[in-house]
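In: fold the following and give me the result.
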Amino acid sequence: QVQLVESGGGLVQPGGSLRLSCYASGFTFMTYSISWHRQAPGKERELVASVSNFGGTPSYSDSVKGRFTISRDNAKNTAYLQMNSLKPDDTAVYYCKTRVRSVDYWGKGTLVTVSS
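Out: Numbers count the residues shown, from 1 in each chain. Got it, this is the predicted structure:
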């Protein structure tokens, strides 16, 4: 079955960096797009970044553009989200998502807390 497992979250000070990973299994990873989303306390889940199946031009939300970088290593069945210049407003649970045969699959998320 399709599974996505995020890792790499934690507590970081403002201005710091983290790299999140999303390990995929149960499907042919290289043939599907991957996206990262986040949900802050009391807010709706929002799209942060996405990348197509063979690593085409990624897209980003305005709130993270220039600070976050999405990438993927198809040989490792893993997607990444490099987050730099983190701000307290980036505090959220971060999820990766894929859509396989018209069905959305989500990981369980990893918590990122940006605080001094």
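In: how about low-confidence regions in the protein?
Out: Scanning the chain for pLDDT under 70 picks out the ranges 55.
In: middle-most residue in the chain, spatially?
Out: W36 (3.0 Å; C-alpha atoms, centre = their mean).
In: you'd agree it is in a helix?
Out: No. Counting by DSSP: H, G, I helix; E, B strand; the rest coil, W36 is not part of a helix but strand.
In: contacting residues around it?
Out: Applying C-beta atoms under 8 Å, 6 or more residues apart in numbering to W36 gives the contacts 20, 22, 47-50, 70, 79, 81, 94-97. (C-beta placed from N, C-alpha, C; glycine too.)
In: okay, now the nearest residue to D90 once chain neighbours are set aside: neighbour count?
Out: Of all residues not flanking D90 in the chain, V114 sits nearest, at 5.1 Å (C-beta to C-beta, 6 or more residues apart in numbering). By other C-beta atoms under 10 Å, the residues close to V114 number 19.
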